[in-house]
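>>> just a sequence and a predicted model for now, questions to come.
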Amino acid sequence: MTGAELLLETCERMGVDTIFGFPGGSALPIYDAIYKNTKIRHIRTVHE
């Protein structure tokens, strides 16, 4: 289990069903885990 998978598992246990984020750089392992996760919805944010 990776740290990213552990993060998402913890979010699931806490009742989180939606997360917001901006992919890139050091967050990419988290996005790999989000892609595999079917219980948490991700909403990608953008900037200017």
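Received it, and whenever you're ready, just let me know what you need. Computed from a prediction, not measured in an experiment: that's the story for all the values here.

>>> residues contacting the longest helix that the chain contains, please?
Counting residues, the longest helix found in the chain (DSSP state H) is helix 3-13. The contact list for helix 3-13 (Cβ atoms under 8 Å, 6 or more residues apart in numbering) reads 1, 19, 29-30, 32-34, 37, 39-40. (C-beta placed from N, C-alpha, C; glycine too.)

>>> repeat that with 6 Å
Contact partners of helix 3-13, identified using Cβ atoms under 6 Å, 6 or more residues apart in numbering, comprise 29-30, 33, 37, 39.

>>> in the chain, what spans have low per-residue confidence?
Within the chain, not a single segment meets pLDDT under 70.

>>> now the spatially most central residue of it: which helix or strand?
For the chain, the residue nearest the mean C-alpha position is I34 (4.3 Å; Cα atoms, centre = their mean). Per DSSP states H and E: I34 is located in helix 28-36.

>>> can I get the buried part of the contacts of helix 3-13 as one PyMOL selection?
Selection of buried members from the contacts of helix 3-13 for PyMOL, criterion 16 or more other Cβ atoms under 10 Å:
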select buried, resi 30+33+37
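
>>> make a markdown table from the contacts of helix 3-13 and add distance to E12 to it.
Output for the contacts of helix 3-13, formatted as a markdown table (distance: Cβ to Cβ, whole Å):
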| residue | distance to E12 |
| --- | --- |
| P29 | 17 |
| I30 | 14 |
| A33 | 11 |
| N37 | 8 |
| K39 | 6 |
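
>>> follow-up on the earlier one: what are the C-alpha coordinates of the helix or strand that the helix holding I34 is followed by, in PDB please?
Downstream of helix 28-36, the next assigned helix or strand under DSSP H and E is strand 41-44. Listed next in PDB are the C-alpha coordinates belonging to strand 41-44 (Å, rounded to 0.1, in the frame of the first residue of the first chain):
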ATOM      1  CA  ARG A  41     -15.100  11.700  -6.700                       C
ATOM      2  CA  HIS A  42     -12.400  14.100  -7.800                       C
ATOM      3  CA  ILE A  43     -13.100  17.600  -9.100                       C
ATOM      4  CA  ARG A  44     -10.200  19.100 -10.800                       C
END
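
>>> no more questions from me, cheers.
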